[in-house]
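# Need a 3D model of the following:
(2 chains)
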There are 2 protein chains.
Amino acid sequence: MKILVGYRGTNVGKVLLELAVEHAKAFAGEVALVTSLAGGEKTHQKQIVEAEKNLDEAKRYLDQFGIKNESHLLVRGKTPGEDIVDFAAENSCYEILIGVKSRSKVGKILFGSTAQFVILKAKCPVLSVK
Amino acid sequence: MKILVGYRGTNVGKVLLELAVEHAKAFAGEVALVTSLAGGEKTHQKQIVEAEKNLDEAKRYLDQFGIKNESHLLVRGKTPGEDIVDFAAENSCYEILIGVKSRSKVGKILFGSTAQFVILKAKCPVLSVK
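Okay, here's the model as predicted:
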């Protein structure tokens, strides 16, 4: 069973990884870490380097617990929501783990648009954390 | 570990129950079925009878699989979202399972307001299904 973790390396990332470990153990599954960047003019080289660093850290965290895992930095012109939903479908993922909180430019906590898209469009159950 | 299932006995209910069985087995947990009705003038006796019938059916389904379970028909003047979030906090639930799709009066599929509330307000992870 493959568990997709929509990973952005933010504060919520630690909670997502803890939960991914619990679920991978409970379902004898493996974890696919997925980070999505738009690519082209919308993505700076710095963001790619940062995303790779975050994925490496997440991989080391999962390795510590003996959880089989793989990392995917998707840069193929899709929105993060589309990338996550499509990756889950293409890989027959059992479930998707995502963070739902997003902060607006004025600091207000919002229901992230990527999370809303994934929850409504994914074919598998979506586990959301804050 | 207690797994809360926000149960309304609709089409999505079967998928929620199947998932509840999988999760209760994987985490050696038990299931709390929760249906919330507003109460007072907003709730007809017919709705209460219907909700009790649905909960009984769900209980029998879980019993078949040997899953320890309990049913709660909450009629205490709260919205379903508040009831689910509060019950999960009061009972230290490990996770909440809910259906996210709702149908508008003109038949359009929407992101249910109860699900949105629960996903943003619950202290535990929320697993959403369609």
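# which helices and strands sit right next to the helix or strand hosting A:R60?
In this structure, A:R60 sits in helix A:45-64 according to DSSP states H and E. Here helix A:45-64 is seen to pack against helix A:12-26, strand A:30-37, strand A:69-75 when contacts are counted using 3 or more C-beta pairs under 8 Å, 6 or more residues apart in numbering or on different chains; DSSP states H and E. Using the backbone N, CA and C atoms, a C-beta is placed for each residue, glycine as well.
# Now it: buried residues?
Using 16 or more other C-beta atoms under 10 Å in any protein chain shown as the test for burial, helix A:45-64 gives A:51, A:54-55, A:58-59, A:61-62.
# Adding pLDDT and distance to A:A122, write those out as TSV.
Listed next are these as TSV, based on pLDDT from 0 to 100; distance: C-beta to C-beta, whole Å:
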residue	pLDDT	distance to A:A122
A:A51	95	21
A:N54	95	22
A:L55	96	21
A:A58	96	20
A:K59	96	23
A:Y61	96	24
A:L62	97	22
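# Could you dump the residues you listed into JSON lines and include distance to A:L4?
JSON lines is the format used below for the buried residues of helix A:45-64 (distance: C-beta to C-beta, whole Å):
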{"residue": "A:A51", "distance to A:L4": "16"}
{"residue": "A:N54", "distance to A:L4": "16"}
{"residue": "A:L55", "distance to A:L4": "13"}
{"residue": "A:A58", "distance to A:L4": "13"}
{"residue": "A:K59", "distance to A:L4": "15"}
{"residue": "A:Y61", "distance to A:L4": "16"}
{"residue": "A:L62", "distance to A:L4": "13"}
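# Can you tell me the closest non-neighbouring residue to the residue of chain A found nearest chain B?
In chain A, the residue found nearest to chain B is A:A26; the distance is 4.0 Å by C-beta to the nearest C-beta. Distances taken as C-beta to C-beta, 6 or more residues apart in numbering or on different chains put B:A26 closest to A:A26, at 4.0 Å, once the chain neighbours are dropped.
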